[in-house]
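Asker: sequence and predicted structure below; questions after.
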Amino acid sequence: MGEEKNDQAHKSHRVSKSGASSKKGKPDKKKKSEISDEKRQANPKAFAFKSSVKARRLHTHSTEKEQRRLHLPTVDRAIGEPPPYVVLVQGPPQVGKSLLIKCLVKHYTKQNLPEVRGPITIVSGKKRRLQFVECPNDITGMLDAAKYADLALLLIDGSYGFEMETFEFLNILKTHGFPKVMGVLTHLDKFKDVKKLRKTKQRLKHRFWTEIYDGAKLFYLSGLIHEKYTKREVHNLARFISVMKFHPLSWRSAHPYLLVDRFEDATPPDKVQRDETIDRNVILYGYLRGCNFKKGTKVHIAGVGDFPVANVSSLPDPCPLPSAAKKKGLREKEKLFYAPMSGVGDLLYDKDAVYININDHFVQFSKTDDENDANARKGKNLDVGEAMVKALQNTQYSIGEKLGESSIQLFSKKSNVSKNHDTDINSEDGNTTRVIEPAEHFPPGQFSESDDDEDGSESEHDVSDASEPDTDIGGTKNVEETDSDEEEKNDLPIEQPSSGNKHKELVEFHNGRTRRKAVFGDDDEHDGSEDSGEDDDVGDDEDMQDIFYSGSESSDDDEDQKPEDKVGDASKFVAPLLRNLALRKIVNLQQLVYQIKPSVSDSEDDDDDEFLVPKGQANKKNKKGLDTSGIYNEDCSKFQFDLNPENWESAEDFESIRHRFVTGQNLVSKGNDDDEVYGDFEDLETGEKFNPSNEEVNKKEADPENEERRLKKLALRAKFDSQYLHPETMDEENDQEEKKSHQDEGGFYEKLKEEAELRKQKNLMELMDLDEETLVEIEGFRTGTYLRLEIHDVPCEMVKYFDPYHPQLVGGIGLGEENTGYMQVRIKKHRWRKRVLKNRNPIIVSIGWRRYQTTPVYAIEDQNGRHRQLKYTPEHMHCLAWFWGPLAPPNTGLIAVENLSNNQVSKLSSKNTDNPQIYFFSQGCGFFMNI
Ligand SMILES: Nc1nc2c(ncn2[C@@H]2O[C@H](COP(=O)(O)OP(=O)(O)OP(=O)(O)O)[C@@H](O)[C@H]2O)c(=O)[nH]1
């Protein structure tokens, strides 16, 4: 029985087995799907999104992803070899900028650079050249640098933390188009504890990411070996620079510009001798960047002014890419870098001459070292005549200058009696105390060079005096000693609380100089302790945490703490002197040049004239401008058309322009001139060309005005079509395809890109047959060309105060940008600026290539649309400002500062931030655009 039972049970089991386990699962699955289908049908809403927020988020995310993928093709109009990319090394003083450039140059060229002066061009790869530039430590230098940098290396002293210079420069960059940015941490070897170092690195990195974007590249230079950064780290940094992709920025790709890497004064010497203040002729050299440079383009030299170019020519590339160099042989191949201002490089090409530079160590007599000098003085091993020649070679100043600077020592251990700037005062204890004038009173370089004339010990005294003005001359107080003493004695932070909670500027005396620390938060107790001793406190976890992540609760406290409360007398006195010693002194050209404030003209702006001028005429007007003096007056906001035919050189020119106006006769019937007036009309979509020689011309002849209007309409339509509709859909008039193209927007954009490329190639093909001169006439000098610009009648101050450490920017001015007029801008006081700005108080604005001083009138728009003048700018909101100045096109970034002098960098005042907007009047109707 039991067996039978078992069998039965087994049978039933076998039956289920025959279908195997697969069968077992299937019915379940079917069931599930059936159930789910049923459910869906029964309650379809149950399977829709349960949370609308989630759904919206999902949708936004997917559309954002889609949109990010799409971007309008940026048309790269550059043809041929690109100019070297400008790698700007920026950072607070003594952070290691020069050292980094030297190390990078050494890495790329295997050559030692003695000094970093002016742009240094090197070949970094087969198809890439780089131009290293050290950013000056003053606000004008930073403003200019932001306009030409392709990549900014922001150097940060890791042992100290972020300084205000970095953030100020970042803000300037944001306004003038944001190039690529990389951070570099230096002085990391000052950390003793590895753990602290790691944590600090992380904190600095996150702060850097907050300021720029998540994932922004930050490099670490962990220390020095033989006074150089380690090879491995420099190699890594160089590799990143070498493979970096650069995108054209809108302002720059629409304007030609040069970064001057060589400068010459070409004024006849006899004229200068007669009158030193005479206007000079200068020659500027540099690679052309941005867009093509057409002959007749006016240029703006930053800090100097607008000038017509007297002569422009291209020169052979002084630092060609290897492919080009191959043809010229081995000698050229070895030539890997070009830095005329730094005194390296063997050959200099000029328009009509080649200069051979022979290194000093090859020429024994060109310079004598100290030892030889000593020998010469002693008369050992040297002929008397030879010694005299060498002494003459070393002479830098004329006898008059030397006499002016000379001093006589009457008694040993007593100070020299000097004619000029040292005044001896007897102090209470009987010692002679020297009162030193601030370094600002000296022209650049004179301070140190006048010391050279004196013996070594004297110059040492000078330095110590400058750092501590009341030091005894006879005493042997060391600079280092006084510094450390001061550090211990007083931490004299000058707080500049900001209205925002994020940033705060802490001006303090650190490591022998004044530094402006960027503090993120309000707790300062730890900051003070951190700075009291470098090694002990550097990298202190708690301190660093407080600096970078402290809360924002005590913003009220900030306001209570007035800077005056904390400023000690000593720091007030010592700081400017030290700062002048620490910083390179740069004379402000702007203040010297722009002495005359622009006058306000009552005349209405005729800016629309610019838009209504026919194409050909615009060029002619420009060419004419070179000869007619009146056009280049800055205050001529209105273009005056000279209606007297006798004043015109060519009657034909006059006629040709006259006929452009409605009252003139049409030139269409004038045979060959047809092409000049109308040109061939080409349908950009279909590629079909409309030749004026066919029947349409007859129509034009019949009713030229109508015809012109018709052509304009056609051109507009073609433009509209090319922008908004897919060309294929237009041709085939197929709705379905149109839909498809909109769905597949990626393909649409790809096609746009292809089209742009095709057009570029077509243009190239057309231009290929032309000889070089005609090519230059038609399209101007191409980007990447090494240009020589001759400019006449620049103020003598440009030559007098030329400083190779302060690179010169020369920007091309577009049509309409050379006029002056009233501009309306929308600005906001920067949160770092403590006080609001007063109406009509002068400010210095930097807009386009220019920086100039102006007096803005602030206003706010009321609800009824009226503009109400404001006495002061509002605290935290935008307002409108009107000011007079050279016009800039809409959509141009603007930044304003109150003071340009070197020791006032901290007073960076007004910037239009976040979403700055600018628009200017154009006969009543303005353009309003976002930046
Ligand atoms: N210990 C240490 N010293 C460094 C480091 N980087 C630079 N230095 C030193 O800092 C000093 C200043 O370096 P520079 O390259 O002249 O700095 P700079 O930024 O060009 O200075 P300015 O031109 O005056 O603004 C030099 O003595 C360097 O040796 C670093 O990472 N660690």
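Answerer: Structure's in. What do you need?

Asker: burial count for Pro890?
Answerer: Neighbours of Pro890 under the rule other CB atoms under 10 Å: 16. C-beta here means a position set from N, CA and C on the backbone, and glycine is covered the same way.

Asker: how about the helices in the stretch 101-250 of the chain?
Answerer: Here the stretch 101-250 of the chain has its helices, by DSSP state H, counting those that start in this stretch, at 139-148, 164-175, 194-211, 231-243, 250-254.

Asker: just say which of these is most tucked in.
Answerer: Per-stretch averages of neighbours, counted by mean count of other CB atoms under 10 Å, single out helix 139-148 among the helices of the stretch 101-250 of the chain, with a mean of 25.

Asker: the ligand contacts on the stretch 151-300 of the chain?
Answerer: Neighbours of the ligand within the stretch 151-300 of the chain, by CB under 6 Å from any ligand atom: Thr186, His187, Asp189, Leu221, Gly223, Leu224, Glu227.

Asker: just those residues now: which is nearest Arg759?
Answerer: For these, the closest approach to Arg759 (CB to CB) belongs to Leu221, at 45.6 Å.

Asker: state the distance from that closest one to Arg709.
Answerer: Leu221 sits 65 Å away from Arg709, going by CB to CB, to the nearest Å.

Asker: okay, the helices of the stretch 101-250 of the chain in CSV with mean pLDDT next?
Answerer: Formatted as CSV, those follow (pLDDT from 0 to 100):
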stretch, mean pLDDT
helix 139-148, 91
helix 164-175, 86
helix 194-211, 90
helix 231-243, 92
helix 250-254, 85
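
Asker: can you put these in JSON lines and add distance to Gly296?
Answerer: Output for the helices of the stretch 101-250 of the chain, formatted as JSON lines (distance: least, CB to CB, whole Å):
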{"stretch": "helix 139-148", "distance to Gly296": "23"}
{"stretch": "helix 164-175", "distance to Gly296": "30"}
{"stretch": "helix 194-211", "distance to Gly296": "43"}
{"stretch": "helix 231-243", "distance to Gly296": "36"}
{"stretch": "helix 250-254", "distance to Gly296": "17"}
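
Asker: and those helices: which comes nearest Val272?
Answerer: For the helices of the stretch 101-250 of the chain, the distance to Val272 is smallest for helix 139-148, at 26.0 Å, taking CB to CB.

Asker: that closest one vs helix 164-175, what angle?
Answerer: Going by axes from the mean of the first three to the mean of the last three CA atoms, to 10 degrees, helix 139-148 is angled at 40 degrees with respect to helix 164-175.

Asker: for helix 139-148, which helices and strands make contact with it?
Answerer: When contacts are defined as 3 or more CB pairs under 8 Å, 6 or more residues apart in numbering; DSSP states H and E, helix 139-148 packs onto strand 85-90, helix 164-175, strand 257-260, strand 808-812, strand 850-854.

Asker: so what touches the first one?
Answerer: So that's strand 85-90. By CB atoms under 8 Å, 6 or more residues apart in numbering, the surrounding residues in contact with strand 85-90 are 97, 100-101, 104, 119, 128-135, 142, 145, 148-155, 165-166, 169, 241, 246, 259.

Asker: the closest residue to the ligand within the stretch 751-900 of the chain: what secondary structure?
Answerer: Residue of the stretch 751-900 of the chain nearest the ligand, by CB to the nearest ligand atom: Tyr805 (8.0 Å). Put simply, Tyr805 is coil when judged by DSSP: H, G, I helix; E, B strand; the rest coil.

Asker: just the buried ones from the residues of the stretch 151-300 of the chain next to the ligand?
Answerer: Buried members of those, scored by 16 or more other CB atoms under 10 Å, are Thr186, His187, Leu221.

Asker: the second one touches Asp157, doesn't it?
Answerer: Translated: His187. Yes: if you go by CB atoms under 8 Å, His187 and Asp157 touch, sitting 4.9 Å apart.

Asker: residues near Gly385, how many?
Answerer: Using other CB under 10 Å, Gly385 has 8 neighbouring residues.

Asker: hang on, it in a strand?
Answerer: No: counting by three-state DSSP, Gly385 falls outside a strand, being helix.

Asker: residues touching it, list them.
Answerer: Counting by CB under 8 Å, 6+ apart, Gly385 touches no other residue.

Asker: which of the residues of the stretch 151-300 of the chain next to the ligand fall in strands?
Answerer: Thr186, Leu224 (DSSP state E).

Asker: domain-wise, how is the protein divided?
Answerer: Listed by the TED database, the domain ranges of the chain are 85-250, 256-353+772-812, 820-903+912-923.

Asker: circling back: okay, now the residue of the stretch 751-900 of the chain closest to the ligand: neighbour count?
Answerer: When neighbours are defined as other CB under 10 Å, Tyr805 has 19 of them.

Asker: wait, isn't it in contact with Pro136?
Answerer: Yes: between Tyr805 and Pro136 there is a contact under CB under 8 Å: 6.1 Å.

Asker: tell me the pLDDT at Arg491?
Answerer: I think there's a mix-up here, since residue 491 is Asp and not Arg. With respect to pLDDT, Asp491 scores 36.

Asker: next one: the one 3 residues further on
Answerer: Per-residue pLDDT puts Ile494 at 37.

Asker: what does the one 10 residues further on give?
Answerer: Model confidence at Lys504, expressed as pLDDT, equals 65.

Asker: next: Lys800.
Answerer: For Lys800, the pLDDT comes out at 88.

Asker: can you pull the contacts of it?
Answerer: By CB under 8 Å, 6+ apart, the contact list for Lys800 is empty.

Asker: ok so, going back, same list, the residues of the stretch 151-300 of the chain next to the ligand, but as a markdown table with pLDDT please.
Answerer: As requested, those are exported to a markdown table (pLDDT from 0 to 100):
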| residue | pLDDT |
| --- | --- |
| Thr186 | 93 |
| His187 | 92 |
| Asp189 | 90 |
| Leu221 | 92 |
| Gly223 | 86 |
| Leu224 | 90 |
| Glu227 | 87 |
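
Asker: separation between Tyr801 and Gly286?
Answerer: Tyr801 sits 19 Å away from Gly286, going by CB to CB.

Asker: swap in Lys713?
Answerer: For Lys713, the distance to Gly286 - CB to CB - is 44 Å.

Asker: what ranges do the strands span in the stretch 201-350 of the chain?
Answerer: For the stretch 201-350 of the chain, applying DSSP state E, counting those that start in this stretch gives strands covering 218-220, 224-225, 228-229, 257-260, 262-265, 280-289, 298-301, 305-308, 311-315, 337-338, 347-349.

Asker: sort out which residues of the fifth one are buried, please.
Answerer: Buried residues in strand 262-265, defined by neighbour count with 16+ other CB under 10 Å: Arg262, Phe263, Asp265.

Asker: between those residues, which is closest to His176?
Answerer: Nearest to His176, judged by CB to CB, of the buried residues of strand 262-265 is Phe263 at 23.4 Å.

Asker: for the closest one, give me its contacts.
Answerer: Contacts for Phe263 (CB under 8 Å, 6+ apart) come out as Val282, Ile283, Leu284, Tyr285, Met341, Phe802, Pro804, Gln808.

Asker: mark which of those residues are buried, thanks.
Answerer: Buried among the contacts of Phe263 by 16+ other CB under 10 Å: Val282, Ile283, Leu284, Tyr285, Met341, Phe802, Pro804, Gln808.

Asker: related to what we said a few turns ago, mind giving me the PyMOL command for buried ones among the contacts of strand 85-90?
Answerer: Per 16+ other CB under 10 Å, the buried members of the contacts of strand 85-90 correspond to this PyMOL selection:
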select buried, resi 97+100+101+104+119+128+129+130+131+132+133+134+135+142+145+148+149+150+151+152+153+154+155+165+166+169+241+259
